[in-house]
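K.L.:
Build the 3D model from these lines:
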Amino acid sequence: MVKMLPLRARMKSHAVLTLINSLIFIVLSVSYLDYLPANLTSLDWSYIVIATAGQMGLLAGLLGLFSLPLSLIKSTQVRLLSTSVIFTLALITLYGDTQVFAQYRFHIQPVLVEMIFSGGIVEFSVANYLFGASMVLLTLALQCGLYWLILTRGGNRLRLAGRYLAYLLFLCVLTTHIIHIWASANAVNSITNFSRFLPLFYPATANRLMLKYGLVNEAELAQQNKLKIDNKGNLSYPLAPISYQQVTPTNVLFIVIDSWRHDSFSAEVTPNIWQYAQDGQVFKQHYSTGNATRAGIFGLFYGLPATYWHSFYRNRESPIIMDRMQQLDYQLGIFSSAHLLKPEFDETVFVHVPDLRVRSKGETKPSRDIEITQQWLEWDKHKDPTRPAFSFLFYDSPHGYDFPEDYPNKFEPQVSRMDYLSIDNDTDRLPILNRYNTSVNFNDSLIGKVLTQLKESGELANTLVVITGDHGQEINDNKQNFWGHNGNFTDPQIKVPFIMFGADLKPGVNQYFTDHMDLVPTLMQNYLGATGPAENYTAGYNLFEQNADRRKWLILASYSDYALVNESSILHVSGAQGGYQYMDRHNRPKEGKPDFQQLNQAYELMRRYLE
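P.N.:
Sure, this is the predicted structure:
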């Protein structure tokens with residue numbers, strides 16, 4: 001039994017607990033450093049060590065300050081348990097953030113939390129829940145034991161050591177911000193880019209003050225500021241009214257497979273799609289407009305870089321192609337396995353679609369994929385044959401490496417389920433790739449039913465079918481422990497299959513650099529009657545008029561960053577800060593400087609449709 005301590009002693013014990021937790025925070029945060037670039041200098045590493053200690057100490061200190069009022073509780077048992085709960089939740093959150101960062105190279109964000117709790121995006125197994133519960137209980141027990149030891153045996157020596165540790169961590173915080181002020185003013189990317197490696201890390205800048213005393217590299221700073229995404233400008237979309245000529249409308253069907261890798265389009269993995277593709281156009285060097293669903297779907301429907309997402313979302317602006325099809329009295333059938341609420345496609349792409357079907361009823365991704373297939377088949381049978389039709393099928397099983405338990409056509413060997421908590425850079429990728437390909441094959445079997453009905457009804461001759469992915473899915477292709485998407489801008493995460501057939505298209509294979517933005521001008525000019533310059537409403541090119549000289553680079557986006565990708569390099573830019581990393585196409589540091597002429601062209605494109 002712990003005797004009642006006076007308030008001052010209780011506060012000192014609380015401070016010691018906070019400082020010990022700061023050390024635990026620092027130990028946990030070491031895992032963030034596994035993903036640092038290889039070409040760091042001794043100055044860079046000095047800053048990284050100081051900044052990590054300072055930031056983790058600061059987070060623990062703020063947590064201690066927040067929980068300090070619990071020292072007023074006189075009951076030792078209640079005080080011990082309530083304080084331990086707070087530090088336990090903080091440590092579990094930090095551990096979870098290290099796992100998120102390991103997979104995606106970004107921290108837990110509000111948009112990620114919203115997507116998870118909105119349902120249908122991330123699904124956890126019973127084993128995951130049991131592991132999480134055991135982690136919480138074990139950490140809570142350790143926190144309670146630690147606090148009890150401090151209360152009973154802490155003594156003056158431990159408190160004295162804690163005082164010196166507090167001074168050291170404060171000095172680290174102060175030094176971190178001083179170094180960052182200098183680095184920001186001189187655009188030292190190796191230091192300023194480190195900010196993205198630590199959670200809630202916002203080091204100070206004082207560029208105006210530094211400029212006043214002539215301590216700024218103005219040219220480098222101006223270039224870095226130019227790279228920041230502008231989400232505040234008003235839209236100027238389209239740039240001018242679009243003229244149309246009379247057309248006989250063609251039915252259009254978009255089929256999108258979530259997380260579809262470009263190398264999983266084959267006669268073995270996708271036999272149905274492959275068969276129909278032989279009579280259409282196959283684009284072998286096709287890229288999404290991002291490494292995440294929001295970016296990929298945005299580029300596909302708007303024909304613009306996904307860096308415009310926030311501006312279009314804020315203005316609730318629908319895509320030109322949707323407006324035009326509604327103007328031509330198209331019937332609209334929107335069937336998505338994952339819901340359309342997060343990302344907010346119900347307030348962007350489909351904002352003007354009446355009676356929008358925003359959610360499927362199935363409990364699992366495969367059941368929802370089966371559901372939307374059956375609903376599309378019924379919708380197609382009963383639609384008005386005198387009116388044109390646009391439909392959108394969005395499949396989701398490969399996003400979760402999922403398929404029905406009794407699905408017969410499996411690639412072996414494969415893992416029994418995809419468990420992100422059990423994989424690392426040394427994990428054998430083949431069993432995971434086989435499970436992924438089985439999920440793609442399952443979706444292909446459903447898509448085969450859709451295409452068979454189109455063909456047997458005779459509608460395929462008057463239906464343009466577009467089949468693609470919203471983004472890719474990396475399965476540790478580059479041996480950098482990336483398992484998924486939204487983590488980098490290498491080919492496994494951004495290159496996708498792209499096939500068009502039906503509507504009397506002649507077969508052919510296109511080897512040019514194409515991307516999702518190119519679909520909008522193709523539809524507008526060839527099927528929806530648009531005349532005049534396509535630049536008024538899109539940054540893409542007509543797929544039927546491509547040539548090798550048109551596109552030398554791509555603009556891609558994630559949820560927070562964007563990248564300029566060309567044949568030999570990736571320029572990965574922090575959208576909020578403007579700092580960048582210059583890498584090769586395998587996400588490894590690249591010597592030299594980016595092509596700033598291409599960068600300026602990209603910047604102008606990202607500003608073109610803003611007032």
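K.L.:
So for the chain, which residue is the most central one in space?
P.N.:
Residue closest to the mean C-alpha point of the chain, counted by Cα atoms, centre = their mean, is Asn486 at 3.4 Å.
K.L.:
which residues touch that one?
P.N.:
The contact partners of Asn486, taken as Cβ atoms under 8 Å, 6 or more residues apart in numbering, are 104, 106, 291-292, 471, 493, 558-559. To be clear about C-beta, it is placed using only N, CA and C from the backbone, and glycine gets the same treatment.
K.L.:
Now for those residues: which two are most distant?
P.N.:
Pairwise distances across the contacts of Asn486 peak at 15.0 Å for Phe106 and His471 (criterion: Cβ to Cβ).
K.L.:
out of the two, which sits in the more crowded spot?
P.N.:
Neighbours per residue (other Cβ atoms under 10 Å) separate Phe106 from His471, with His471 holding more: 32 against 18.
K.L.:
From Gln55, how far out is the closest residue to Tyr202 other than its chain neighbours?
P.N.:
With sequence-adjacent residues excluded and distances taken as Cβ to Cβ, 6 or more residues apart in numbering, Tyr202 is closest to Ser195, at 7.2 Å. Taking Cβ to Cβ, to the nearest Å as the measure, Ser195 falls 9 Å from Gln55.
K.L.:
between these two, what contacts are shared?
P.N.:
Common neighbours of Ser195 and Gln55, counting by Cβ under 8 Å, 6+ apart, are Phe201.
K.L.:
all strands for the stretch 251-400 of the chain, in order.
P.N.:
All strands of the stretch 251-400 of the chain, identified by DSSP state E, counting those that start in this stretch, fall at 251-257, 281-287, 331-336, 389-395.
K.L.:
so which of the ones you listed gets nearest Phe298?
P.N.:
Using Cβ to Cβ, the strands of the stretch 251-400 of the chain put strand 251-257 closest to Phe298, at 12.3 Å.
K.L.:
Summarise which helices and strands that closest one is packed against.
P.N.:
For strand 251-257, the elements it packs on are helix 293-302, strand 389-395, helix 430-457, strand 463-469, judged by 3 or more Cβ pairs under 8 Å, 6 or more residues apart in numbering; DSSP states H and E.
K.L.:
Using CSV, write out the CA atom coordinates for that strand.
P.N.:
Extracted C-alpha coordinates of strand 251-257, given in CSV (Å, rounded to 0.1, in the frame of the first residue of the first chain):
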residue,chain,number,x,y,z
ASN,A,251,-22.8,4.5,-74.4
VAL,A,252,-19.8,4.7,-72.0
LEU,A,253,-18.8,2.2,-69.3
PHE,A,254,-15.9,2.9,-66.9
ILE,A,255,-14.7,-0.2,-65.0
VAL,A,256,-12.1,0.7,-62.3
ILE,A,257,-10.3,-1.9,-60.2
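K.L.:
returning to what we had before: for the residue nearest to the centre of the chain, which three-state class applies?
P.N.:
Secondary structure, DSSP: H, G, I helix; E, B strand; the rest coil: Asn486 is coil.
K.L.:
neighbour count winner among Ser195 and Gln55?
P.N.:
Gln55 (25 against 19).
K.L.:
Any regions of the protein where pLDDT drops low?
P.N.:
The chain contains residues with pLDDT under 70 at 1-4, 109-125, 154-159, 211-213, 215-233, 548, 575-578.
K.L.:
okay, now the domains of it?
P.N.:
7-226, 251-607 (automatic domain parsing).
K.L.:
biggest helix in the protein by residues?
P.N.:
Ranked by residue count and defined by DSSP state H, the top helix of the chain is helix 155-185.
K.L.:
name the helices or strands packed onto the next helix or strand after that helix?
P.N.:
Per DSSP states H and E, the first helix or strand lying C-terminal to helix 155-185 is helix 189-192. With contacts defined as 3+ Cβ pairs under 8 Å, 6+ apart, helix 189-192 has these neighbours: helix 42-67, helix 155-185.
K.L.:
Need these in a markdown table (columns: distance to Ser311).
P.N.:
Conversion of these to a markdown table gives the following (distance: least, Cβ to Cβ, whole Å):
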| stretch | distance to Ser311 |
| --- | --- |
| helix 42-67 | 32 |
| helix 155-185 | 26 |
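K.L.:
Deepest in the core, which of the ones you listed is it.
P.N.:
Most buried of the helices and strands packed on helix 189-192, by mean neighbour count (mean count of other Cβ atoms under 10 Å): helix 42-67, with a mean of 19.
K.L.:
so how far is that helix off the chain centroid?
P.N.:
27 Å (Cα atoms, centre = their mean, to the nearest Å).
K.L.:
Next SSE downstream of it?
P.N.:
Reading on from helix 42-67 to the C-terminus, the next helix or strand found by DSSP H and E is helix 76-104.
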